[in-house]
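# Turn this into a structure:
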Amino acid sequence: MITLNKVAWETKAILKWGGIAIGAIILIWIVFGLGGTIKKVFFPPPPPPPTVGFGKLLQIKFPPQTEVKNLTYAIDTLTGSLPSFPDRASVFKIKENEANLLALTNARKKLEALGFNSQPIPIGGNVYKWSDKSSISRTISLDIFSLDFSLSSSYLLDQDIISGKNLPDTTEAITKAANFLKSLDAYPKDIDEEKTKTNLFSIVNSNITPASSFSNSQLIQVSFFQKDVNKLPIYYSNPNEPPMLFMIAGGSFQAQIIQGKFAHQEISDEKETYPIKTADKAFEELQQGKAFIASYEGEDKNISIKKISLGYYIEDERQLYLTPIYVFFGNDNFLAYITAVTDEWLSN
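Got it, this is the predicted structure:
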């Protein structure tokens, strides 16, 4: 016969052993879960391989070296060694220029508003030339699809410019250059205005030389630079002269753009990852003379490498993809570039 005492005892026993079982299950789950976490921390699974979705990439087209220098290199970083970098980097697709049947008409209207009233003269491909009737006879050669252009003039014959009459300050010069691009609907969205630079120049016996101060300047150079990509800076063949550069002068009545060049490549959001060389491999290629030397103002053949970093390179000609480079910094403004993507993913 079942009594209340027996029922109570059996209930307590069930609860007791049930609690123990549940506790054991929870403990096992915690132990295995913690073990898995510890394993992932100390023995993480390998990352998936780079996507390499664009296939093999074209070699970066660096400009020809104007002078071959037999340089030797020594690592002189703060740590005395080269840093470690990830084993991969993103490669971005460059947007293509879209053809437009109204491109020539639209370009003519925009340039007329800027004073270039001549009839367009075709000079090859999508490029046309216009001129204005100003005292310095400005001409502009413009690609009607990309809106890349070069502008020149005979400013060295203008006495008002040579005397520095109506030369604007640097802020006004930047605004002048930016407004010129905006009038062409060409001001890029990826301009980093905090990087914009100005340089002062003097005109001495028809020669352009750096000016020591604003008071003896007749020209202001304005340089625009693109924003970082993936937190990495963009570099150009001439680090001091990006392909978006204007020269501003004064004149009889107001400031004016007397010289300039503009070439911009729009970087899309479409990207793939590619394996990259180690810093040691890049340094080895530097020693083998495979680097493009973008800047060096010294005479010594021995270069101390103070720093190495990753960046992206915009070529002088239009490119299909924005690819990473290793950048070496050394004494006397030494700057050199090495392609970062491994050779197996570069076409010959």
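# Contact partners for Asn106?
The contact partners of Asn106, taken as C-beta atoms under 8 Å, 6 or more residues apart in numbering, are Asn100, Ile144. In short, each C-beta sits where N, CA and C put it, glycine included.
# That one looks like it's in a strand, true?
No. Under DSSP: H, G, I helix; E, B strand; the rest coil, Asn106 sits outside any strand and is assigned helix.
# For it, give its distance to Leu181.
15 Å (C-beta to C-beta, to the nearest Å).
# Repeat that for Asn331.
Counting by C-beta to C-beta - Asn331 and Leu181 are separated by 36 Å.
# and what of Lys197?
16 Å.
# Looking at these two now, which is surrounded by more residues?
Ranked by neighbour count (other C-beta atoms under 10 Å), Lys197 and Leu181 place Leu181 first, with 20 against 15.
# from what I can see the more buried one touches Ile174, true?
No. Leu181 is beyond contact range of Ile174, at 11.1 Å (criterion: C-beta atoms under 8 Å).
# first to last residue in stretch 46-56, what's the distance?
End-to-end span of stretch 46-56 (C-alpha to C-alpha, to the nearest Å): 24 Å.
# so how far is that stretch from its chain's centroid?
22 Å (C-alpha atoms, centre = their mean, to the nearest Å).
# three-state assignment of Phe180?
What three-state DSSP gives for Phe180 is helix.
# from memory it sits against Phe246, does it?
Yes. In this structure Phe180 lies within contact range of Phe246 using C-beta under 8 Å: 7.2 Å.
# okay, and the common contacts of the two?
Ile257, Gly260.
# Neighbour count for the two, which is higher?
Counted by other C-beta under 10 Å, Phe180 and Phe246 do not tie: Phe246 has more neighbours, with 24 against 21.
# Which stretches in this protein count as helices?
Secondary structure of the chain, counting by DSSP state H: helices at 4-42, 103-113, 159-163, 170-183, 279-287.
# which of the ones you listed has the lowest average pLDDT?
Between the helices of the chain, the one with the least mean pLDDT is helix 4-42; it has a mean of 61.
# how long is stretch 231-250 end to end?
End residues of stretch 231-250 are separated by 38 Å (C-alpha to C-alpha).
# same thing with stretch 205-221?
Stretch 205-221 end-to-end distance (C-alpha to C-alpha) = 19 Å.
# With that, I have no additional questions.
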